[in-house]
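Engineer: Next comes the sequence, and after it the predicted model I'd like to discuss.
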Amino acid sequence: MSKNPLGGAAIRSYVRAVEEWWFDTTRHVRTAGDVALPDAAKVVGEIRDSKMYVPVRVTNAHAALRELPCGDLSEYTFIDMGSGKGRMLFVGAEYPFRKVMGVEFSGDLHKQARANIGTYKHRRQRCGDIESVHADAAAFEFPDEKLVIYMFNPFGPEVMRAMLANLERSLERSPRHVVVVMLWPENWQMVAGMAGMREYRKTRRYHIYQMT
C-alpha cells in the first residue's frame with residue numbers, strides 16, 4: 001500500500017482552506033486568512049495585550065451556538081468581542097438573534113467587516129441587523145439587553161479583566177440573563193470566577209457560562 005504523499009497536517013490545512021473558500025463564496029464575503037497584529041497607530045486602545053486575527057472554523061462555532069441556554073433568541077443581542085473581518089457575525093446571523101454586533105479595535109479589520117456586511121447574503125440568514133463597531137474591548141459599554149457574548153481568544157488577561165469589569169458594572173445597573181461563549185478558551189478562569197457566573201457546558205472546544 002502506497003503512503004499518502006500529504007501528511008496529516010497538510011490534509012487538515014487543505015480541508016480548512018476548502019471550508020473557508022466555501023463559506024466566503026456562498027455568503028459573498030471575504031473573511032478567510034490570518035492577519036498579523038496591526039500597526040499601533042491604526043487601533044483603538046492598546047495593542048500590547050491583543051492577538052492576531054484568526055477566523056473561526058465554522059463547524060466549531062455552530063457546535064457551540066447550538067448549545068446556548070437561551071429561550072427565545074430574538075430577545076438576545078449577539079456580540080463578538082474581537083470580530084475581525086466579521087466571519088462570526090455571519091455565523092451568528094444564521095440564528096434568530098435580535099441583533100448581531102462585532103467589536104473590533106483594528107481600523108483596517110473593521111473596514112473589511114463593514115464591507116463584508118454590505119455584500120453578505122445567504123439563504124440561512126435569520127438576523128437582519130448586523131453591525132461592526134470600531135472600539136476598544138477594554139472600554140466597550142455593553143447594551144442593557146439580554147446578551148450572548150462570544151470570544152475566540154481575541155486578547156489576553158489585561159483586556160479581559162477590563163472588559164469583564166465593564167460587564168459587571170452593566171449587570172449591576174441592569175440585571176439580566178447574559179451568556180458567555182468561549183471557543184478554545186485560554187482565560188476561562190476569569191469568566192468562571194465572576195460573581196454570579198455559572199458554568200453551563202464545558203467541552204474540549206468550547207466553554208459556555210451564564211449569569212443567572
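Structural biologist: Done, it's in.

Engineer: for the most centrally placed residue in the chain, phi and psi?
Structural biologist: Centroid check for the chain by CA atoms, centre = their mean gives D80 as the closest residue, at 3.6 Å. With angles defined as degrees, to the nearest 10, D80 sits at phi -100, psi 110.

Engineer: Helices along this protein, start to end?
Structural biologist: 8-27, 58-65, 87-92, 107-119, 157-173, 188-192 (DSSP state H).

Engineer: Give me the phi and psi angles of the residue nearest to R173 when sequence neighbours are not counted.
Structural biologist: Residue nearest to R173 in three dimensions, not counting chain neighbours: D144, with 6.9 Å by CB to CB, 6 or more residues apart in numbering. Quick note: C-beta positions are derived from backbone N, CA and C, even for glycine. Phi and psi for D144, reported as degrees, to the nearest 10, are phi -80, psi 70.

Engineer: May I have the residues that are in contact with D144?
Structural biologist: Residues counted as contacts of D144 (CB atoms under 8 Å, 6 or more residues apart in numbering) are 170, 173-174, 176.

Engineer: what two of the residues you listed are the furthest from one another?
Structural biologist: Distance extremes for the contacts of D144: the farthest pair is R173 and R176 at 9.9 Å, using CB to CB.

Engineer: Of these two, which one has the most company?
Structural biologist: R176 (14 against 10; other CB atoms under 10 Å).

Engineer: And the pLDDT at the more buried one?
Structural biologist: On pLDDT, R176 comes in at 96.

Engineer: Verify the stated contact: it with F142.
Structural biologist: No. The criterion here is CB atoms under 8 Å, and R176 misses it with F142 at 10.1 Å.

Engineer: quick one: the closest residue to V35 other than its chain neighbours and R205, what's the gap?
Structural biologist: Leaving aside its chain neighbours, V35 sits nearest to Y53 (4.0 Å; criterion: CB to CB, 6+ apart). Noted for Y53: a distance of 19 Å to R205, by CB to CB, to the nearest Å.

Engineer: Pick out whichever of these two has more residues nearby.
Structural biologist: Between Y53 and R205, counted using other CB under 10 Å, the more crowded position is Y53 (24 against 15).
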